[in-house]
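**Student:** Fold the following for me, if possible:
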Amino acid sequence: SSSKAAAAADKRSERREAAVDSDAPRLGGLESEGYSLEPSLTELQNLARRNPSALTHVSNFKIRHEGYGSLEWQQPVDVRGLDLEGIVQIERGEVSLYVSNAAEKPPIGSGLNCQCKVTLEGVYKKSKAGQQQQDAAAVAAFRKRLARYCSEMGARFIDYKPDGGIWVFEVRA
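**Tutor:** Alright, predicted model coming up:
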């Protein structure tokens, strides 16, 4: 009888763990393409095991694509059950959310549709011949162009560093 109770408790625990794991966001094929999460997927699963509602308000959530850039949310976000492969794309000089499935885009201020700091790497001013331009005047003009581009898309320009071609801006929801 006590072994039956222990077995039933084990099954309940397994179901609870499976539910927690299904609530954690998924990277899918993005993981093999060099994407990572902060907190890590393991940390998010452990957080959810300790407090199942914790995934509804994850602070400092960040998605990074190695060598391309990152997205960092400025307030706690709800990451429950997100299929990030179908939501996030960080490529050379561009980032997109909910493009492949606009129907899943949540209302402004919920899910990942909220204020976010974007960092893009490898963004350089190129000459007509395709050569990276490093002289101060060209870099200053490019910096102004990036700031203007941010303004046009309703984002706030934060910085541009020619070393690494790092462009940082903030998108408001």
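**Student:** Can you tell me the centre-most residue of this structure?
**Tutor:** Ile63 (3.0 Å; CA atoms, centre = their mean).
**Student:** That residue touches Gly34, doesn't it?
**Tutor:** No - the pair Ile63 and Gly34 fails to qualify as a contact (CB atoms under 8 Å) at a distance of 11.4 Å. C-beta coordinates here come from the backbone N, C-alpha and C atoms, glycine included.
**Student:** ok, and the closest non-adjacent residue to Leu44?
**Tutor:** Of all residues beyond its chain neighbours, the one nearest Leu44 is Ala24 (5.0 Å), with distances taken as CB to CB, 6 or more residues apart in numbering.
**Student:** gap between the one you found and Glu91?
**Tutor:** As for Ala24, its distance to Glu91 is 25 Å (criterion: CB to CB, to the nearest Å).
**Student:** okay, those two: which has more neighbours?
**Tutor:** Ala24 (21 against 11; other CB atoms under 10 Å).
**Student:** Help me confirm that the more buried one comes into contact with Thr42.
**Tutor:** No - with contact defined as CB under 8 Å, Ala24 does not reach Thr42; the gap is 9.1 Å.
**Student:** Show me the shaky parts of this protein.
**Tutor:** Scanning the chain for pLDDT under 70 picks out 1-22, 101.
**Student:** Which parts of it are strands?
**Tutor:** Using DSSP state E, the strands found in the chain span residues 35-38, 62-65, 69-73, 88-91, 94-97, 116-120, 155-161, 166-171.
**Student:** what comes into contact with the second one?
**Tutor:** Contact with strand 62-65 is made by 30, 33-38, 70-73, 84, 88, 90-91, as judged by CB atoms under 8 Å, 6 or more residues apart in numbering.
**Student:** quick one: which of these has the most company?
**Tutor:** Most surrounded of the contacts of strand 62-65: other CB under 10 Å gives Ile90, at 26 neighbours.
**Student:** Is it bridged to anything, and to what?
**Tutor:** For Ile90, the beta-bridge partners under DSSP bridges are Val95.
**Student:** Now do it against Gly109, distance only.
**Tutor:** For Ile90, the distance to Gly109 (CB to CB) stands at 22 Å.
**Student:** same deal with Tyr160?
**Tutor:** Separation of Tyr160 from Gly109 (CB to CB): 28 Å.
**Student:** between these two, who's got more neighbours?
**Tutor:** Neighbours per residue, other CB under 10 Å: of Tyr160 and Gly109, the larger number sits with Tyr160, 22 against 11.
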